[in-house]
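K.L.:
quick check, what structure comes out for this input:
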Amino acid sequence: MVRSFLATLFLIAAISLSASAQASKVETIGAFADQSASESVRSALEAKGYRVTAGDGSVVCELWLRNGVPTQPKKDVSGAIYSELGDATLIGVVSLPKGGNDYRGQGIKAGVYTLRYALHPTDGNHMGISTFRDFLLLVPVASDPDVNAKFKFEELSKISAKAAGTNHPTPFSMVSPEGKGAASVSENEHGHLVFAAKLKTQGGEMPIAFIVKGIAEQ
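P.N.:
Have a look, this model is predicted:
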């Protein structure tokens, strides 16, 4: 009886340790210093970044958010969460040391990319991709030297397509932020890995969250 009880306790402890070991995590890292990015981009970023690690210990990505993101008065836009962000606003930089996949399942080459906000059109080519219309489009950092550059949606889509080497832009899907906005990573009900943090804006802070690993439900 005692042996059986102890064996049960050992099994529960082992399962708990295994689950803990498999938890994804986010940790703070130093400043972005990749010289492939322009001075305009490097100087616009916060002095610290974040490393997102999957449960198996592999690095999913490293992220640096922009310091002082310009915003506009929040508007009531159908299907949008982050309407205070203007079209094509640069909100940060992401490094994918081993590449990855975007929300559409396209392969992304290993490299460094700017992240620019985009609101996808309500047309037949984009409907059903996500519950929300907000996305961050990845652009190869060498193709995006001016942090304050303005792009129309079609132009931004074209240069974002370079990240996947296809004819379609390369998106990370944005989701509704939860909690107080402290940097974190979690797995949602679809098995997507979601990064969340506070984005420093010119008027204060705003919580944001977006999927860094996971593809749209088919």
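K.L.:
for the residue nearest to Leu85 when sequence neighbours are not counted, grab the count of nearby residues.
P.N.:
Among residues not flanking Leu85 along the chain, Tyr117 sits closest, at 4.4 Å (C-beta to C-beta, 6 or more residues apart in numbering). Bear in mind the C-beta positions are built from the backbone N, C-alpha and C, glycine included. Residues lying near Tyr117 (other C-beta atoms under 10 Å) number 21.
K.L.:
so what does the one helix or strand Tyr117 maps to touch, helix or strand wise?
P.N.:
Using DSSP states H and E, Tyr117 sits within strand 111-119. On a contact count with 3 or more C-beta pairs under 8 Å, 6 or more residues apart in numbering; DSSP states H and E, strand 111-119 meets strand 90-96, strand 134-140, helix 153-160.
K.L.:
quick check: which of those is nearest to Ile29?
P.N.:
strand 90-96 (10.0 Å; C-beta to C-beta).
K.L.:
send the alpha carbons of the closest one over as PDB?
P.N.:
Extracted C-alpha coordinates of strand 90-96, given in PDB (Å, rounded to 0.1, in the frame of the first residue of the first chain):
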ATOM      1  CA  LEU A  90       6.700  50.100 -37.900                       C
ATOM      2  CA  ILE A  91       6.300  48.600 -34.400                       C
ATOM      3  CA  GLY A  92       9.500  46.600 -34.100                       C
ATOM      4  CA  VAL A  93      12.000  44.100 -35.500                       C
ATOM      5  CA  VAL A  94      12.100  40.300 -35.300                       C
ATOM      6  CA  SER A  95      15.000  37.900 -35.700                       C
ATOM      7  CA  LEU A  96      14.200  34.300 -36.800                       C
END
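K.L.:
report the strands that pair with the very next helix or strand once past it, each with its relative direction.
P.N.:
Next helix or strand after strand 90-96 toward the C-terminus (DSSP H and E): strand 100-101. With DSSP bridges as the test, strand 100-101 is paired with strand 107-108 (antiparallel).
K.L.:
distance of Leu119 relative to Val41?
P.N.:
Look at Leu119 and Val41: by C-beta to C-beta, to the nearest Å, they are 22 Å apart.
K.L.:
Val93 now?
P.N.:
On the measure of C-beta to C-beta, Val93 and Val41 end up 7 Å apart.
K.L.:
can you give me the strands in the protein?
P.N.:
Counting by DSSP state E, the chain has strands at residues 25-29, 49-53, 59-65, 90-96, 100-101, 107-108, 111-119, 134-140, 171-173, 184-187, 193-201, 204-213.
K.L.:
and these: which comes nearest Asp76?
P.N.:
That would be strand 111-119 among the strands of the chain, by C-beta to C-beta, at 13.2 Å.
K.L.:
what does the closest one contact?
P.N.:
34, 36-37, 41, 77, 80, 82, 85-96, 99, 133-141, 144, 151, 153, 156-157, 160, 163, 169-172 (C-beta atoms under 8 Å, 6 or more residues apart in numbering).
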